[in-house]
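Visitor: Make a model of this:
(2 chains)
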Amino acid sequence: MNPTIKNPLTYSRVLFFSLTMCAVLLLVAAFSLLLGTAEISPSQIMGLFSRNLPVDDSARLIIFQIRLPRIILAGFVGFSLSLGGVVFQAILRNPLADPFILGVSSGSAFGAVLGIVFGLSFSLGIPVMSFVGALLTIYLLMTIGARKMGMESSTILLTGVVINAFFGAIIMFFISIATDSTLHSMLYWLYGDLSQSRYSQLVFVAPILIVASIFLYSFSRHLNIMTAGDETALQLGVEVETIKRICLLLVSLIIGLVVAFSGLIGFVGLMVPHLARMAFGSDHRLLFPMASLGGASFLIAADTLARTIISPNELPVGVITAFLGAPFFICLLRRKGSQWSRS
Amino acid sequence: MEPILTLRNVGFKYGEIEALKGIDLQVSPGEILGILGPNGSGKSTLLKILDGILRPQEGDILIKGIPLGGLKRTHVAREIAMVSQENYFRFSFSALEVVLMGRFPHLKRLQFEGKKDMEVALEALRATHTLELAGRSIHELSGGERQRVYIARALAQEPKIILLDEPTSFLDIAHQVQILELIVRLNRELGLTVLMVLHDLNLASEYCTRMILLHNGSIAKKGRPEEVITYQNIEEVYKTVVVVKENPLSGKPCVFLVTEDEMKKAGKGSAL
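Guide: Modelled structure (predicted):
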């Protein structure tokens, strides 16, 4: 055996990078916990955990009831959107695919808005509607956008744009007939809002997210091969159609969930997977943990910016991600456009 | 010898359009079978049917006596590897990563490639003279290099049969010969059974032990190169006038084109 050529990917390599990324995530989260309109010092926060130091109740309230759940939700949402972006990019073989651009997010939002109109509860009814909305969008994408033209073509992105516009119009319709009291929160939610995070939601989302991620991760090698096309994948022994269906179902589930709780946050699923691929390569066994943990860190940082930049007021976090993401998208399109239009 | 592949009365339709009909074929282990025929005669369709990617509406395909349709994809991929033309990686993978993908049918769901897989992959890279490309991105390679890497990936599957769809298209003459010499070497050293679609009749004549000539979805002729490549057969199937002579070195038939001008001259000559 040639000693200079090493196995490009081993368990230990994946573990090492994942743990490093976890450390980054914790660091970002800890930093975010410190920042906010109310000034709370690191020693006060340490006091909350050690019980020996005296802490006033308002600090406890701010840390545990406002900042912490919000940070965790931001982490979950960033994690899910990036995971969704990776899966869409692999299955559609299109590096510009992401839940927001493809209209899956707005499909979920449409489901959720419908749920609000029907007066369903935020704990179960609305997330379910949101999931159904995501599934419906993916079904539309696959039947209209992908069937005849082949998935690599830009048709699927255009279909996403159309779906986005359509659901956007319906959502605007509901907003325009909404009463004043719900209008502000609805609009905020539409641009991505993490401030309404509740522990009850987090407990609901966490197990689903964990199970879906493990399932998706177990298809890493399948997805690697599927990026070379359906036929190649079949030749190598991948049951392409089954894998595709399971992956898209799981992704609709997690996107539906996070959209119901956070609204429309764009471009995370585009930027983070792209950067992760540049840094760690295209193998999904490493890309999945890097992109999802990186996405969590990124959205926590973005949300921290959103709630501190015009303090004491706040921006919807979707404004921050779109502000960064739209130019990023255009750069990608300009730089690699010719390469990606090849099918 | 018991055939490794058997096709019995195989027929395939794309919707209403009949692509293949009544294909009967037996392939023995260790053969290099050339699949020839004009554009649209069903060559690539036949290859896809042999790999189970397309399911024929009629007839049976047996691998070592077992019906292909009943096998799992991973099982098929351990028996048959395909080097097709439709290979385009959307994202960047190194040549080694691409070759390791050939180990897919041998691994369990969550298993990573281990020592043995690395050995098989490196051996495949060595056999195709692509070891020095191992770390390069598949996107940076030239057409000939990429083709050899895809052949290496097929070898990493450790198949008994290898199918190649026009392995020499888009390659210059040096690379064409290089690829076909490689295929012959693999056939001799590893005992691989080779089925390949070739456009170039002369290349097919030199390198195949046996060939089939497809015409409108049926086998028009089959046999050794000297039985199939005759001017009568070529003119009948390709509707083109050619001259077939023996290659002075190998003794295999060699096809020469006849231009319009030459035909006029010949026509006048015969009239006189």
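
Visitor: Test my guess that residue A:161 contacts residue A:106.
Guide: No. Shown here, residue A:161 and residue A:106 do not form a contact pair, counting by Cβ atoms under 8 Å, at 10.5 Å. Bear in mind the C-beta positions are built from the backbone N, C-alpha and C, glycine included.

Visitor: who has more neighbours, those two?
Guide: Counting neighbours by other Cβ atoms under 10 Å in any protein chain shown for residue A:161 and for residue A:106 shows that residue A:106 has the greater number, 29 against 13.

Visitor: Tell me which helix or strand that one sits in.
Guide: Element membership of residue A:106, judged by DSSP states H and E, is helix A:104-117.

Visitor: go on, residue A:237?
Guide: Residue A:237 is part of no helix or strand when elements are defined by DSSP H and E.

Visitor: number of nearby residues for it?
Guide: One way to gauge burial is a neighbour count; for residue A:237, by other Cβ under 10 Å, it gives 21.

Visitor: residues touching it, list them.
Guide: Residue A:237 makes contact with B:72-78, B:104-105, according to Cβ atoms under 8 Å, 6 or more residues apart in numbering or on different chains.

Visitor: Also residue A:333?
Guide: Residues in contact with residue A:333, defined by Cβ under 8 Å, 6+ apart, are residue A:96.

Visitor: How about the secondary structure of it?
Guide: Three-state call for residue A:333 (DSSP: H, G, I helix; E, B strand; the rest coil): helix.

Visitor: Residue of the stretch 51-200 of chain A nearest chain B, please.
Guide: As assessed by Cβ to the nearest Cβ, chain B sits closest to residue A:93 within the stretch 51-200 of chain A, at 4.3 Å.

Visitor: What's the separation between the residue lying closest to that residue once chain neighbours are set aside and residue B:222?
Guide: In space, not counting the residues next to it along the chain, residue A:93 is nearest to residue B:90; the distance is 4.3 Å by Cβ to Cβ, 6 or more residues apart in numbering or on different chains. Separation of residue B:90 from residue B:222 (Cβ to Cβ, to the nearest Å): 39 Å.

Visitor: More neighbours: those two, which one.
Guide: residue B:90 (22 against 15).

Visitor: What strand or helix carries that one?
Guide: Secondary-structure assignment from DSSP H and E places residue B:90 in no helical or strand segment.

Visitor: what's the pLDDT at it?
Guide: The predicted local distance difference test score for residue B:90 is 85.

Visitor: which residues does residue A:133 contact?
Guide: A:107-112, A:114, A:167, A:256.

Visitor: Columns distance to residue A:79, neighbour count and pLDDT on top of these, output as a markdown table?
Guide: Supplementary listing: these in a markdown table, determined by distance: Cβ to Cβ, whole Å; neighbours: other Cβ atoms under 10 Å in any protein chain shown; pLDDT from 0 to 100:
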| residue | distance to residue A:79 | neighbour count | pLDDT |
| --- | --- | --- | --- |
| A:107 | 20 | 31 | 94 |
| A:108 | 16 | 31 | 93 |
| A:109 | 19 | 25 | 91 |
| A:110 | 23 | 27 | 91 |
| A:111 | 21 | 26 | 91 |
| A:112 | 19 | 30 | 87 |
| A:114 | 26 | 18 | 86 |
| A:167 | 24 | 24 | 92 |
| A:256 | 15 | 30 | 91 |
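
Visitor: and the nearest residue to residue B:85 once chain neighbours are set aside, bridged to which residues?
Guide: Across the structure, with Cβ to Cβ, 6+ apart as the measure, the residue nearest residue B:85 apart from its sequence neighbours is residue B:165 (5.3 Å). In this structure, residue B:165 has the following beta-bridge partners (DSSP bridges): residue B:197.
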